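Enquirer: Sharing a model prediction with you, sequence too.
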Amino acid sequence: MDRKLATAALILGSTAVSLLLVEFALRLAVNPGDFLQIEPVPDPVLGHRIEPLQGGHDALGFRNASVPTRADIVALGDSQTYGVGAPRDGSWPQQLGVLTGRSVYSMALGGYSPPDYLYLAQQVAPRLRPHQLIVGVYLGNDLLEACWAVQKRAYWARWRSSEAGDMCEDGDERDIPEAPKRFGAARDWLSRHSVVYGVLKAALLSTAGKHEQRRAAAPGSPDQHFPWVDPAQPTVRTVFTPQARLMAMDVRRRGVREGLRIAKLVLTEVATLARRNDESLLVVLIPTKERVYCDHLRRAGISLPSAFGALCSAEDRIKSDLLQQLSASDIAHVDVLVPLQLEVSRHVVLYPTDSDGHPRASGYSVIARAVAAALPASGARRSSIASP
């Protein structure tokens, strides 16, 4: 019996040591931030931030290899600019740097919104003395996130509306419960601490993820979960969540209207700041996955769930309002919807197979190319750019 226990202990010990060695080797071979789920820490102004040098982030806590003494371009945004769903080099700011040959520094993080972009443009970006500021505005949730930022953080009290009540609670997409995961606590811990787990999850566990997605989607209505497979290219498939997205863009909701008001004020102030600092400013309007596919599905004769059609209309109204504000304020902007739609019509895989609304590296590549085409020539100054 003692021999069996000793053998088992030896096997377990050897396995543990082997896993630690593999973990160490992987951390040297890859960017840990591409495979680890980083836990942010609270911040009184930004809401949260990444601590310096954590999980592949730089000395300022952003998703870059290092902090340069100067950057040609500083990109601000949320998770769509951070590059969730792709390795660091697959995010659109990093791909933009490769395309243009200019140094691009990303100050994006998931959960950030227009007030955070303003703060970073005021307090952090000037350290890098950029020629160009780029602000990525994700239409899918930036408005509600802006409402929350202003209402919940004392730093932004001056931006609050005089209207009484907790208006941001109205239609907050955060209230939609997530489907429970099997062994969720253990998986979450491994996601935060093990690069080995992250690599295995990315490379080998996608099938299990698809099963879990189907299991979670089964009880829901098409308004909640709408799976789709491209009949012309069955490898192109995804799951849409129109109802959740509509909650964050329905201007009949007070929180969305308030977020839109804040976003427009913020963008105008960022433009004023950029002009004062002799920086060019470009605002990138990033659509939801649902809006990217909306027209393609209709042309294919697919009957969209009611929330899907309402979402597409609501997003168009919000974008139109923002475009009017940008044009009136002479703020350069680019709408990347059309380039993304063009790739969808070519049956290119832009998004993951589940309900995640973040593009894959191929989708971020489309955004990077559209942004590169909209930028003024290196070293030039320009105040307005027509949207494609």
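Expert: Cool, got the structure.

Enquirer: Please identify the helix or strand for D316.
Expert: helix 306-328 (DSSP states H and E).

Enquirer: Can you list the strands that the following helix or strand past that helix pairs with?
Expert: Elements were assigned by DSSP H and E; along the chain past helix 306-328, the next helix or strand is strand 332-335. In the sheet, strand 332-335 lines up against strand 280-286 (parallel) (DSSP bridges).

Enquirer: Give the next helix or strand downstream of the lowest-mean-pLDDT helix or strand in the chain.
Expert: Ranked by mean pLDDT, DSSP states H and E, the weakest helix or strand in the chain is helix 206-217, scoring a mean of 50. Once the chain leaves helix 206-217, the next helix or strand it forms, by DSSP H and E, is strand 226-229.

Enquirer: Can you point out the buried residues in the helix holding D316?
Expert: If you call a residue buried by 16 or more other CB atoms under 10 Å, then helix 306-328 has these buried ones: 307-308, 310-312, 314-316, 318-319, 322-323, 325-326. Placement of C-beta: from N, CA and C, glycine included.

Enquirer: list the helices and strands that helix packs on?
Expert: When contacts are defined as 3 or more CB pairs under 8 Å, 6 or more residues apart in numbering; DSSP states H and E, helix 306-328 packs onto helix 242-247, helix 254-276, strand 280-286, helix 289-299, strand 332-335.

Enquirer: Tell me which of these sits nearest to G55.
Expert: G55 lies closest to strand 280-286 among the helices and strands packed on helix 306-328, at 24.3 Å (CB to CB).

Enquirer: Can you show me the CA trace of that closest one as PDB?
Expert: What follows is strand 280-286, C-alpha atoms only, in PDB (Å, rounded to 0.1, in the frame of the first residue of the first chain):
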ATOM      1  CA  SER A 280      -5.100  65.300 -35.600                       C
ATOM      2  CA  LEU A 281      -8.200  63.400 -34.400                       C
ATOM      3  CA  LEU A 282     -10.000  60.600 -36.100                       C
ATOM      4  CA  VAL A 283     -13.100  59.000 -34.700                       C
ATOM      5  CA  VAL A 284     -13.700  55.400 -35.700                       C
ATOM      6  CA  LEU A 285     -17.400  54.200 -35.600                       C
ATOM      7  CA  ILE A 286     -17.400  50.400 -34.900                       C
END
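
Enquirer: hang on, the earlier thing: the helix holding D316 versus strand 280-286: what angle between them?
Expert: Orientation check (axes from the mean of the first three to the mean of the last three CA atoms, to 10 degrees): helix 306-328 against strand 280-286 gives 170 degrees.

Enquirer: Helix 306-328 vs helix 254-276, what angle?
Expert: Going by the same axes, to 10 degrees, helix 306-328 is angled at 30 degrees with respect to helix 254-276.

Enquirer: just the strands in this structure please.
Expert: Assigned strands in the chain, in chain order: 41-43, 47-49, 73-76, 104-106, 132-138, 226-229, 237-240, 280-286, 332-335 (criterion: DSSP state E).

Enquirer: Let me have those strands in CSV, adding mean neighbour count as columns.
Expert: Listed next are the strands of the chain as CSV, based on neighbours: other CB atoms under 10 Å:
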stretch, mean neighbour count
strand 41-43, 11
strand 47-49, 18
strand 73-76, 28
strand 104-106, 26
strand 132-138, 26
strand 226-229, 17
strand 237-240, 22
strand 280-286, 24
strand 332-335, 23
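
Enquirer: can I get those in TSV with distance to A374 and mean pLDDT?
Expert: Shown next, in TSV, are the strands of the chain (distance: least, CB to CB, whole Å; pLDDT from 0 to 100):
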stretch	distance to A374	mean pLDDT
strand 41-43	31	96
strand 47-49	29	97
strand 73-76	12	98
strand 104-106	14	98
strand 132-138	9	98
strand 226-229	30	94
strand 237-240	27	95
strand 280-286	6	98
strand 332-335	4	98
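
Enquirer: Adding distance to T268 as columns, could you present the ones you listed in CSV?
Expert: Listed next are the strands of the chain as CSV, based on distance: least, CB to CB, whole Å:
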stretch, distance to T268
strand 41-43, 25
strand 47-49, 22
strand 73-76, 15
strand 104-106, 23
strand 132-138, 12
strand 226-229, 36
strand 237-240, 33
strand 280-286, 11
strand 332-335, 13
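
Enquirer: Nearest to V283 among the buried residues of helix 306-328?
Expert: Nearest to V283, judged by CB to CB, of these is L326 at 6.0 Å.

Enquirer: Now for that closest one: which residues touch it?
Expert: For L326, the contact set (CB atoms under 8 Å, 6 or more residues apart in numbering) comprises 267, 283, 333.

Enquirer: P42 now?
Expert: H48.

Enquirer: try P114
Expert: Residues in contact with P114, defined by CB under 8 Å, 6+ apart, are 135, 137, 142, 146, 149, 262-263, 266-267.

Enquirer: pLDDT below threshold where in this protein?
Expert: Applying pLDDT under 70 to the chain flags the ranges 1-37, 163-166, 169-219, 378-388.
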